[in-house]
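> sequence and predicted structure are below.
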Amino acid sequence: MKNTLFQKDIISTEMFTRDDIALIFECADEMRTVVEKSGGNDILRGKVLAALFYEPSSRTFASFITAMQRLGGGIIPLNGMKHTSVAKGETLEDTVGVFEQFSDVIVIRHPESGAAAAAARASSHPVINAGDGPHEHPTQALLDVYTIHQHFRSIDDLTITLVGDLLYGRTVHSLMNLLFLYHPKTIVLVSPSQLKMPAEYNREAKKHAIAIHETDSLDSVVGETDVLYVTRVQKERFDDLSIYKTLKHRFVIGRQTMKLLKKDAVLMHPLPRVGEIASEVDDDTRSIYLSEQVKNGVYVRMALLSLLVKK
Ligand code: ASP
């Protein structure tokens with residue numbers, strides 16, 4: 001397939017076409033084979049990734065680093081900016097302008113919506129959004145859809161249920177945009193009324209003729225679900241932590257919920273979980289948040305890095 005992503009910025013999943021996704025998936029499949037056979041290759045030898053993380057991260061950060069290393073490239077790993085000139089008051093634009101001199105691709109995570117787009121404007125190299133505040137987290141959504149696709153061979157006709165903090169959860173925003181490229185049977189949105197999906201996503205679903213079902217009752221919808229995607233209430237977005245505390249464990253998946261879930265459904269979470277999925281269900285074969293999702297993150301990020309950097 002033709003590489004349509006060379007030198008592109010990955011800021012929002014709104015940018016992708018079905019063909020782009022097919023390209024990323026095909027490349028991710030190849031990366032899986034490479035890693036399983038020999039651990040990696042050298043296709044990005046001589047290229048450098050700058051990872052600028054202004055907000056905490058475990059998986060996204062480590063999986064980008066691993067991805068670049070498995071492709072033979074170099075890394076500038078800054079997980080936390082407090083020991084950099086950012087602490088002296090350097091602007092985002094200046095920091096990005098400097099790091100683009102050292103690198104060929106920049107991955108950025110930042111607490112403000114729109115920061116990744118601002119970084120992309122300041123950089124002549126591709127910039128990948130690894131999470132900008134409550135806005136988007138495109139690479140998480142790519143690995144999520146890749147994982148769903150692997151399981152069901154298609155996204156079409158599935159009932160996909162998103163649970164938890166749909167207001168501030170950036171992964172579900174990016175995921176919605178990708179689901180709009182397909183024909184899921186229904187997207188079910190389960191949240192407390194204070195944490196509902198922003199209305200623009202519902203409007204967009206309508207344009208794509210995708211059925212949306214909003215509810216605050218998980219038990220009433222779980223039996224119809226193929227993909228149960230659970231998210232954490234985003235504590236860092238609350239000014240008033242007493243409100244956070246009343247909402248954080250509104251939905252907890254335990255053995256009871258798993259009994260209602262179809263035999264061939266999957267239970268997903270972008271992680272970290274902080275009590276929304278009880279560890280008692282970790283051994284259930286439908287639980288794939290600690291295994292497949294995490295692994296696929298590396299293959300998808302390897303695919304993306306190679307497509308952006310190498311023609
Ligand atoms: N790791 C994901 C993110 O950075 C999910 C989360 O933190 O809840 O958005």
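Structure's in. What do you need?

> tell me which stretches of the stretch 201-311 of the chain form strands.
Ranges of strands in the stretch 201-311 of the chain, per DSSP state E, counting those that start in this stretch, are 211-215, 227-230, 266-268.

> the ligand is nearest to which of those strands?
With Cβ to the nearest ligand atom as the criterion, the ligand lies closest to strand 227-230 of these, at 10.1 Å. Every residue, glycine included, has its C-beta placed from N, CA and C.

> the closest one packs against which elements?
Secondary-structure packing of strand 227-230 (3 or more Cβ pairs under 8 Å, 6 or more residues apart in numbering; DSSP states H and E): strand 159-163, strand 266-268.

> how about the longest one and the ligand, touching?
This means strand 159-163. No: between strand 159-163 and the ligand, judged by Cβ under 6 Å from any ligand atom, nothing touches; the nearest distance is 12.4 Å.

> name the residues of this structure found near the ligand, please.
The interface of the chain toward the ligand, taken as Cβ under 6 Å from any ligand atom, is made up of G131, H137, Q140, R170, T171, T231, R232, P270, L271.

> now those residues: which count as buried?
G131, H137, Q140, R170, T171, T231, R232, P270, L271 (16 or more other Cβ atoms under 10 Å).

> rewinding a little: make a markdown table out of the strands of the stretch 201-311 of the chain and add mean pLDDT and mean neighbour count.
Converted to a markdown table, the strands of the stretch 201-311 of the chain look like this (pLDDT from 0 to 100; neighbours: other Cβ atoms under 10 Å):
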| stretch | mean pLDDT | mean neighbour count |
| --- | --- | --- |
| strand 211-215 | 98 | 14 |
| strand 227-230 | 98 | 26 |
| strand 266-268 | 98 | 24 |
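
> which one of those strands lies closest to R32?
strand 266-268 (18.0 Å; Cβ to Cβ).

> for the nearest residue to M15 once chain neighbours are set aside, what are its contacts?
In space, M15 comes closest to K8 once its chain neighbours are excluded; the distance is 7.4 Å by Cβ to Cβ, 6 or more residues apart in numbering. Residues near K8 by Cβ atoms under 8 Å, 6 or more residues apart in numbering: M15, P126, L308.

> try D264
Contacts for D264 (Cβ under 8 Å, 6+ apart) come out as D226, R286.

> and it, how close does it get to T225?
Distance, D264 to T225, using Cβ to Cβ, to the nearest Å: 11 Å.

> contacts only, for S306.
Contacts for S306 (Cβ under 8 Å, 6+ apart) come out as C27, M31, I43, L44, L71.

> distance of it relative to the ligand?
With the distance defined as Cβ to the nearest ligand atom, to the nearest Å, S306 ends up 23 Å from the ligand.

> likewise for L92?
In terms of Cβ to the nearest ligand atom, L92 sits 18 Å off from the ligand.

> same deal with G297?
Counting by Cβ to the nearest ligand atom, the gap from G297 to the ligand is 10 Å.

> retrieve the pLDDT associated with that residue.
You'll see G297 listed with a pLDDT of 98.

> burial of it, as a residue count?
27 (other Cβ atoms under 10 Å).

> surely I253 touches S279?
No: the pair I253 and S279 does not pass the contact test of Cβ atoms under 8 Å, sitting 10.7 Å apart.

> more neighbours: which of the two?
The neighbour comparison of I253 against S279 (other Cβ under 10 Å) goes to I253, with 24 against 11.

> which residues does that one contact?
V163, L228, V230, L267, E276, I277, A278, V281.

> give me the number of residues near E280?
Neighbours around E280, by other Cβ under 10 Å: 11.

> any idea how far it lies from F251?
According to Cβ to Cβ, E280 and F251 sit 16 Å apart.

> so what's the residue nearest to M15 scoring on pLDDT?
Model confidence at K8, given as pLDDT, is 98.

> what of F16?
98.

> cool, the one 5 residues further on as well?
We have a pLDDT of 98 for I21.

> ok but it is inside a strand, no?
No: assessed with DSSP: H, G, I helix; E, B strand; the rest coil, I21 is helix; it does not lie in a strand.

> skip the chain neighbours and tell me the closest residue to the residue nearest to the spatial centre of the chain.
Among the residues of the chain, the one closest to the centroid is Q140, at 1.4 Å (Cα atoms, centre = their mean). Spatial nearest neighbour of Q140, excluding adjacent residues (Cβ to Cβ, 6+ apart): T171 at 4.5 Å.

> assign the one you found to helix, strand or coil.
Under three-state DSSP, the three-state class of T171 is helix.

> ok, now the one 5 residues further on?
When classified by three-state DSSP, M176 comes out as helix.

> list the contacts for it?
By Cβ under 8 Å, 6+ apart, the neighbours of M176 are L162, I187, M197, Y201, E204, A205.
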